[in-house]
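Colleague: heads up, no residue letters with this:
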């Protein structure tokens, strides 16, 4: 989830450059720049994941050891830990997820606002540009809606099947 958020933000920037500055696209989005973007996404997601792992490692697990979920994610692991106080872990997960979701989402919103402003000014090619962005906007809405629902809630119910459905939405449906 972490690297996907950042990569979707970079994809929105790529669309912005392709639509608003098409003649400079090869210069702005060169191969070294794209490699740096991928490296930033991977390194950032690894660093933030390591914080989550450290805080999840501190949990004490007792009782059932079966994760009632499709995937082994931090929220589902924290539901297993009922022996101790997990409020610190919830806060860490909430803050790290908020930063990781809100920064790329703000980049995406800014780039699409710039795209709309650019398309309002031009006369030809509007429909083609909008259709190019439409699929990306649908994936963004599904992905970020599901991620915000899963990771940006301060407290979670103990048993909820909605979490399972939403996690399938952002892990399986949107990458397809």
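Modeller: Structure's in. What do you need? Everything quoted here is computed from the prediction, not taken from an experiment. Residues are numbered from 1 along each chain as shown.
Colleague: which helices and strands does the lowest-mean-pLDDT helix or strand in the chain pack with?
Modeller: Within the chain, no helix or strand scores below helix 74-80, which has a mean of 70 by mean pLDDT, DSSP states H and E. For helix 74-80, the packing partners by 3 or more CB pairs under 8 Å, 6 or more residues apart in numbering; DSSP states H and E come out as helix 31-57, helix 87-121. Heads up, the C-betas are built off the backbone N, CA and C, glycines and all.
Colleague: quick one, what contacts residue 86?
Modeller: Going by CB atoms under 8 Å, 6 or more residues apart in numbering, residue 86 touches 59, 78.
Colleague: for it, phi and psi?
Modeller: Dihedral angles of residue 86 (phi, psi; degrees, to the nearest 10) stand at phi -110, psi 20.
Colleague: next: residue 122.
Modeller: Dihedral angles phi and psi of residue 122 (degrees, to the nearest 10) take the values phi -90, psi 160.
Colleague: measure it to residue 95 for me?
Modeller: In this view, residue 122 and residue 95 are 41 Å apart by CB to CB, to the nearest Å.
Colleague: where does the residue lying farthest from the centre of the chain land in three-state SS?
Modeller: In the chain, residue 123 marks the outermost C-alpha relative to the chain mean, sitting 33.6 Å out by CA atoms, centre = their mean. Remark: residue 123 carries the secondary structure label coil [criterion: DSSP: H, G, I helix; E, B strand; the rest coil].
Colleague: just the pLDDT for it.
Modeller: Per-residue pLDDT puts residue 123 at 74.
Colleague: then residue 53?
Modeller: 81.
Colleague: and if you look at residue 110?
Modeller: For residue 110, the model assigns a pLDDT of 93.
Colleague: try residue 9
Modeller: Listed pLDDT for residue 9 reads 90.
Colleague: tell me the pLDDT of the closest residue to it other than its chain neighbours.
Modeller: Once flanking residues are discounted, residue 9 sits nearest to residue 104: 3.1 Å by CB to CB, 6 or more residues apart in numbering. pLDDT recorded at residue 104 is 90.
Colleague: and for residue 14?
Modeller: pLDDT for residue 14: 91.
Colleague: hmm, residue 29 and it touching each other?
Modeller: Yes: checked against CB atoms under 8 Å, the pair residue 14 and residue 29 is within contact range at 5.9 Å.
Colleague: what's the most buried one of the helices and strands packed on helix 74-80?
Modeller: Highest mean neighbour count among these (mean count of other CB atoms under 10 Å): helix 87-121, with a mean of 16.
Colleague: skipping adjacent residues, who's closest to residue 144 in space?
Modeller: residue 105 (5.8 Å).
Colleague: I'd say the one you found and residue 145 touch.
Modeller: No: taking contacts as CB under 8 Å, residue 105 lies outside contact range of residue 145: 10.6 Å.
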